[in-house]
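A.B. asks: Next one to model:
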Amino acid sequence: MCFRFVSLCVFSLSLFSGFSLSALAAGTEWRVINDWSPAYEKKFSEFVRVMGESNCKSLDACLKSPAANPFYVARTPKNRNFGADCAYFPYALRMYFSWMEGLPFDYVSKVAQANPAEETSPDIRYTKFGNKPAGRRSIAKGQVTDGVAELALMRKSISTATFRMHYREVSDFFPPAVTRELIRPGAAVYDPSGHAAIIFKIEKDGRVRMMDAHPDNSVTRITFDQKFIRSRPTHGGGIKHWRPEGNLVQTDNLPGFSTEQYNTKFKLGGDAVSFYDFIRGQMAGGSLKFTPVAEIKQMMLETCSNLRDREAAVNAAIASNVQEKRHPDRLPMNIYGTNGEWEEYSTPSRDARLKVAFVELRQEIERFLTMYRARNARIDYQPVASKYSSRCAADNSSCFLVASLMSSYEEAVFSPSCIFSYKNSAGQDKKLSYSDIAARLFKLSFDPYHCVELRWGASGDELASCRDDDNKLAWYRNEQGLRNQTERTYETRMDFDLNGTARLGVASSPDIDLWGYLGKQLQ
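C.D. replies: The predicted model follows:
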């Protein structure tokens, strides 16, 4: 989740009237002596790429690691802690780089509703009609300031509301044309459901790899796909370039500007494709091929990586002993966007993205099979013998593909990276496989006040060690509708009591049983 609460207009700089630069701390001076240039933009991309590929796990660890930050680790103050949630993370990397290179940096420090007369959302992060800049902070050439203090100052001003702007607004970003030449590491990505990330790599097959951060300050890696929803242009979703520093001209005059991400229809090589296939195809150089056997394994291993990140998040919550506290009488106003203990230790948004990943995996494999059976040229598969192909007729290439997919699925399931564990309330280790998680995915509790067993969807004998009282168990039962849904409904009011909570969410969860589906296709 990424939900530091901000008011209608994000914190103004007057809150920091005591901020003084009369005595800069050792090693924190930011002296602006250079101008941004293509060479600096290229170096910023390299800085982000190296950090992303290092697999560092927090902004603080990333900046202080020689592997993640070989460029500036020696100059990074070791006695300062650098934290970041999702909205602030791309900004923090851009400002830190500017500080290290003596470059200027300016950003929207205050936002307001773009259309207050018709606005329906009380939360500036989820406005129906988007936002507009209402104040800027500029660190200009010739200025001397404190890098650490500026990062702290900016963190008080940035939220996902800062990303939620129509491309016509003179914001910190603009939408670029979707080409491999223009979209590169360092570009930001905004999900109008309330999340942000920064691109660190474009794979040869067109996959866009990103880093994102969370309220617990963890940094994770994800791929641009259906987890990042599309929305109306006023919400400013999608891939975004940084506006050239100090260049506050009308956005559509900026080099590389394009509105094609906001089209309603997309084509690739003359064929109609989805938005996500269009992005991937363009990033692959204009062509798009799917290798289903490799795709299934890659998607599963990425999901396992995201599950590993959830494992760390739940462990952090349990270590805080929040589960020992009495359950509040009501849920937050909205479980996906709040503050305090719920923001720091709950996992509804993280869990929703995981659910989307499982749903997308099932949908994509079904799509690939359908395309292959229709002899679609975008599917790259040559029939080969595999563990399950003995059940196929020699001339049934479709069956061979199913058998290959099952073998690839099984290989991923038994990969060490897809085995998870937790200590139950009695201190005993409990191991879970990918298949275990898939079978109980919609039972995983996002509620931080639940025992660790419920956080991992336990039932039967596995649940026996849970010490939750009847009230907490009732909350778990009544939150099932919320667990069933994959959509993050930020506009829905959720601050109900126990009985009211039972009416939230959806009645049933989607079918994510890919193994069962493949087994039926093999028959």
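A.B. asks: Name the strands paired with the helix or strand harbouring residue 211 and say parallel or antiparallel.
C.D. replies: Assessed by DSSP states H and E, residue 211 sits inside strand 208-213. Here strand 208-213 has these sheet partners by DSSP bridges: strand 195-202 (antiparallel), strand 219-223 (antiparallel).
A.B. asks: mind saving the C-alpha coords of that strand as CSV?
C.D. replies: The C-alpha coordinates for strand 208-213 follow below in CSV (Å, rounded to 0.1, in the frame of the first residue of the first chain):
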residue,chain,number,x,y,z
VAL,A,208,8.7,-3.5,-18.2
ARG,A,209,10.3,-4.2,-14.8
MET,A,210,9.8,-1.7,-12.0
MET,A,211,10.7,-1.0,-8.4
ASP,A,212,8.1,0.0,-5.9
ALA,A,213,8.1,0.9,-2.2
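A.B. asks: on that earlier part again, out of the strands paired with strand 208-213, flag the one nearest residue 485.
C.D. replies: strand 195-202 (16.6 Å; CB to CB). All C-beta spots, glycine's among them, are computed from the backbone N, C-alpha and C.
A.B. asks: so where is the chain shaky, pLDDT-wise?
C.D. replies: The model of the chain has pLDDT under 70 over residues 1-26.
A.B. asks: Would you mind giving the domain segments of the chain?
C.D. replies: According to the domain assignment given by automatic domain parsing, the chain is divided into the following structural domains: 31-283, 292-501.
A.B. asks: First-to-last residue distance for the first one?
C.D. replies: Read it as domain 31-283. 37 Å (CA to CA, to the nearest Å).
A.B. asks: do the same with the last one
C.D. replies: Chord length of domain 292-501, first to last residue, is 41 Å (CA to CA).
A.B. asks: which one of the strands paired with strand 208-213 has the most crowded surroundings?
C.D. replies: strand 195-202 (a mean of 24; mean count of other CB atoms under 10 Å).
A.B. asks: in stretch 427-436, what's buried?
C.D. replies: By neighbour count on 16 or more other CB atoms under 10 Å, the buried set for stretch 427-436 is 430, 432, 434, 436.
A.B. asks: Select, from those residues, the two members most distant in space.
C.D. replies: Spatial extent of those (CB to CB) is set by the pair 430 and 434 at 15.0 Å.
A.B. asks: got the residue ranges for the helices in the stretch 51-200 of the chain?
C.D. replies: Secondary structure of the stretch 51-200 of the chain (DSSP state H, counting those that start in this stretch): helices at 59-64, 88-101, 147-155.
A.B. asks: nearest to residue 379, of the ones you listed?
C.D. replies: By CB to CB (comparing all of these), the closest turns out to be helix 88-101, at 35.1 Å.
A.B. asks: And that closest one, how far out from the chain middle?
C.D. replies: 19 Å (CA atoms, centre = their mean, to the nearest Å).
A.B. asks: With stretch 85-102 instead?
C.D. replies: Offset of stretch 85-102 from its chain centre (CA atoms, centre = their mean): 18 Å.
A.B. asks: Check stretch 296-311 too.
C.D. replies: 13 Å.
A.B. asks: Distance of the spatially most central residue of the chain relative to residue 197?
C.D. replies: In the chain, the centroid-proximal residue (CA atoms, centre = their mean) is residue 212; its distance is 5.2 Å. According to CB to CB, to the nearest Å, residue 212 and residue 197 sit 4 Å apart.
A.B. asks: possible to save the domains of the chain as TSV with distance to residue 509?
C.D. replies: Formatted as TSV, these follow (distance: least, CB to CB, whole Å):
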stretch	distance to residue 509
domain 31-283	17
domain 292-501	4
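A.B. asks: For residue 479, find the nearest of the strands paired with strand 208-213.
C.D. replies: That would be strand 195-202 among the strands paired with strand 208-213, by CB to CB, at 21.6 Å.
A.B. asks: Quick check: residue 240 is in a helix.
C.D. replies: No: assignment of residue 240 by DSSP: H, G, I helix; E, B strand; the rest coil gives strand, placing it outside any helix.
A.B. asks: Return the set of residues that bridge with it.
C.D. replies: Beta bridges link residue 240 to residue 188, judged by DSSP bridges.
A.B. asks: I'd guessed it sits against residue 164; true?
C.D. replies: No: applying CB atoms under 8 Å as the test, residue 240 and residue 164 come out as separate, 11.3 Å apart.
A.B. asks: higher neighbour count, these two?
C.D. replies: Shown here are residue 240 and residue 164; by other CB atoms under 10 Å, residue 164 has more neighbours (30 against 26).
A.B. asks: Could you report the separation of that one from residue 450?
C.D. replies: 32 Å.
A.B. asks: Identify the single longest helix in the chain, thanks.
C.D. replies: helix 292-319 (DSSP state H).
A.B. asks: winner for burial among the helices of the stretch 51-200 of the chain?
C.D. replies: helix 88-101 (a mean of 23).
A.B. asks: Kindly export it (C-alpha atoms) in PDB.
C.D. replies: Only the C-alpha atoms of helix 88-101 are listed here, as PDB (Å, rounded to 0.1, in the frame of the first residue of the first chain):
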ATOM      1  CA  TYR A  88       7.800   9.200  -2.600                       C
ATOM      2  CA  PHE A  89      10.200   6.600  -3.900                       C
ATOM      3  CA  PRO A  90      10.500   7.700  -7.500                       C
ATOM      4  CA  TYR A  91      10.900  11.300  -6.300                       C
ATOM      5  CA  ALA A  92      13.500  10.300  -3.700                       C
ATOM      6  CA  LEU A  93      15.700   8.700  -6.300                       C
ATOM      7  CA  ARG A  94      15.400  11.600  -8.700                       C
ATOM      8  CA  MET A  95      16.100  14.200  -5.900                       C
ATOM      9  CA  TYR A  96      19.000  12.100  -4.500                       C
ATOM     10  CA  PHE A  97      20.600  11.800  -7.900                       C
ATOM     11  CA  SER A  98      20.200  15.600  -8.400                       C
ATOM     12  CA  TRP A  99      21.800  16.200  -5.000                       C
ATOM     13  CA  MET A 100      24.800  13.900  -5.700                       C
ATOM     14  CA  GLU A 101      25.400  15.500  -9.200                       C
END
